[in-house]
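In: model this:
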Amino acid sequence: MKKNIKTTGMKTASVVDVAAAQSTPSDAGAAAVTPQYHAVVGLDVGDRQSHYCVLDLNGGVVAEGAVKTTAASLRVLFEGKGRMRIALEAGTHSPWISRLLIALGHEALVANPRKLRLIAESDAKHDRADAQLLARLAHVGPALLSPIHTRSAQTQIDLTLIRAREVAVQTRTKIVNAVRGMVKSTGHRLPASPTLTFARKATEACPETLEAALLPLLRLVATLTDDIAAYDRLVVEKARAYPETEAIQTIHGVGALTAVAFVLVLNNDRARFKRSRDVGCYLGLKPKQRDSGMRSPQLGITKAGDPLIRRLATQSALYVLGPFGRDSALRRWGLVLASRGGKNAKKRAVVAVARKLVVLMHRIWITQEAYDPMRGVRVRPAA
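Out: Now for the predicted structure:
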């Protein structure tokens, strides 16, 4: 344990000593509020090895080192120590590491990388410096890290099913587009068909000279189509485990996939947002703002948050505004936006409807009321 630690010229050279170090600042006048932790740690997580930097409550570096990115090694390093504030960046390993640290009695802050340009754009970027910078930001103020809310283990497992389905869908789409493009490059065309029947129709219409190259890809498309159908059945079963999604599915255009993904992305915590309007901002459907003086340019959405639910919400909005969408107050509002003209009027209308849709989904999730499509629309009395 101690051979992984690089001392910094101080006598304290281990996390054990740091946790037992002074728990009050040196300035007696500043000790009115006693922190609920004994040290601040910055943890720069790597795939195989992670670097850490430990600060005392006065901001001085008291220990630095590296540890293997495994549960056993992290447990040896942090288990049984005094409560510490530990900051790490969001990434592949951050969910299970943060849950482990919390289980060991520490405070875990998962920093938002989009807000840490100070680290990403540093001219002297290396693991040791990143760990120290994370520790200093956590020491000065946790709000500077824009901490991310970590999902529970069960929620993450359930969400993996939906993400796996999304990978299969995207892979199938890429293969279909590639096959169509390769056939066009030889002067032929494949018949128009929905994705569900593409493999069969493309196999029948495939030029003989391209069969050796394209038939294996078409078999992959057929296999992926069957796998996606199996995923859909699993999602419907998963929706039964979250009965609160039944009310969300009363919205025409929102199915089990979108409803379950919405609940899981928000960590199955309907009280997480005080206002339903904040959900649209959280999912990155809010326009960017870069006002300066008298200049207020019109910008695109922030795209901050989970891209999966944002993509599903956009698909639902396209259905609501499409030819198969039922008459509703949301559809009428979106069609008015799309008809105002302009080059990107329809795209802006889809994004606006998607933003209103996630707000509506959150509100119905809270109230568990059935969706009223014509709510707020005045009906003229018959003559």
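
In: quick check: phi and psi at Phe262.
Out: phi -60, psi -50 (degrees, to the nearest 10).

In: could you do Glu204 as well?
Out: phi -70, psi -30.

In: so what's Gly91 closest to, chain neighbours aside?
Out: Val45 (6.0 Å; Cβ to Cβ, 6 or more residues apart in numbering). Where you see a C-beta, it was placed from the backbone N, CA and C, and this is true even at glycine.

In: so for the one you found, what's the pLDDT?
Out: For Val45, the pLDDT comes out at 95.

In: dump the residue contacts of it.
Out: Applying Cβ atoms under 8 Å, 6 or more residues apart in numbering to Val45 gives the contacts Thr69, Leu88, Glu89, Gly91, His93, Ser94, Ile97.

In: check the gap between the most centrally placed residue in the chain and Arg117 for me.
Out: Nearest residue to the geometric centre of the chain (Cα atoms, centre = their mean): Asp306, 2.8 Å. Going from Asp306 to Arg117 by Cβ to Cβ, to the nearest Å gives 21 Å.

In: which members of the contacts of Val45 occur in strands, if any?
Out: Counting by DSSP state E, the part of those found in strands is Leu88, Glu89.

In: about what we covered before: wait, the residue nearest to the centre of the chain touches Val265, no?
Out: Yes. The pair Asp306 / Val265 is scored as a contact, 4.9 Å apart, by Cβ atoms under 8 Å.

In: shared neighbours, these two?
Out: Leu283.

In: ok, Cys281 to Val358 distance?
Out: In terms of Cβ to Cβ, Cys281 sits 10 Å off from Val358.

In: more crowded one of those two?
Out: Val358 (28 against 19; other Cβ atoms under 10 Å).

In: may I have the residues that are in contact with the more buried one?
Out: By Cβ under 8 Å, 6+ apart, the neighbours of Val358 are Phe262, Val279, Gly280, Leu283, Leu285, Ile309, Ala313.

In: shouldn't it be within a strand?
Out: No. Using DSSP: H, G, I helix; E, B strand; the rest coil, the secondary structure at Val358 is helix, not a strand.

In: can you pull the pLDDT of it?
Out: For Val358, the predicted pLDDT is 96.

In: so the nearest residue to Val176 once chain neighbours are set aside is in which element?
Out: For Val176, ignoring the flanking residues on the chain, the nearest one in space by Cβ to Cβ, 6+ apart is Phe198 at 5.7 Å. Using DSSP states H and E, Phe198 sits in helix 198-205.

In: and the strands in the stretch 151-300 of the chain?
Out: Counting by DSSP state E, counting those that start in this stretch, the stretch 151-300 of the chain has no strands at all.

In: how about the helices in the stretch 151-300 of the chain?
Out: 153-184, 198-205, 211-240, 245-248, 256-265, 277-282 (DSSP state H, counting those that start in this stretch).

In: just the buried positions in whichever helix or strand comes after the last one, please.
Out: Scanning the chain past helix 277-282 towards its C-terminal end, the next helix or strand to appear is helix 307-321 (assignment: DSSP H and E). Burial within helix 307-321, assessed by neighbour count using 16 or more other Cβ atoms under 10 Å, is assigned to Leu308, Ile309, Arg310, Leu312, Ala313, Thr314, Gln315, Ser316, Ala317, Tyr319, Val320, Leu321.

In: contacts for helix 307-321, please.
Out: Outside helix 307-321, the residues touching it (Cβ under 8 Å, 6+ apart) are 162-163, 166, 251-254, 257-258, 261-262, 265, 283-285, 303, 325, 328, 330-331, 334-335, 338, 349-351, 353-354, 357-358.

In: go again using 6 Å as the cut-off
Out: 166, 253-254, 258, 261-262, 265, 283-284, 325, 331, 334, 350, 353-354, 357-358 (Cβ atoms under 6 Å, 6 or more residues apart in numbering).

In: what is the mean pLDDT for that helix?
Out: Per-residue scores along helix 307-321 average to 95.

In: with only the CA atoms kept, save it in CSV.
Out: C-alpha atoms of helix 307-321 as CSV (Å, rounded to 0.1, in the frame of the first residue of the first chain):
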residue,chain,number,x,y,z
PRO,A,307,-28.3,11.4,-25.8
LEU,A,308,-30.4,8.3,-25.7
ILE,A,309,-33.6,9.8,-24.2
ARG,A,310,-33.1,12.9,-26.2
ARG,A,311,-33.1,10.8,-29.4
LEU,A,312,-36.2,8.9,-28.3
ALA,A,313,-38.0,12.1,-27.3
THR,A,314,-37.2,13.5,-30.8
GLN,A,315,-38.5,10.4,-32.5
SER,A,316,-41.7,10.6,-30.5
ALA,A,317,-42.1,14.3,-31.5
LEU,A,318,-41.7,13.3,-35.1
TYR,A,319,-44.5,10.8,-34.7
VAL,A,320,-46.7,13.4,-33.0
LEU,A,321,-46.2,15.8,-35.9
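
In: wait, Ile248 touches His362, no?
Out: No. Here Ile248 lies out of contact with His362, judged by Cβ atoms under 6 Å, at a distance of 8.9 Å.

In: re the thing from before, from the contacts of Val45, which is closest to Arg272?
Out: Among the contacts of Val45, Ser94 lies closest to Arg272 (Cβ to Cβ), at 18.7 Å.
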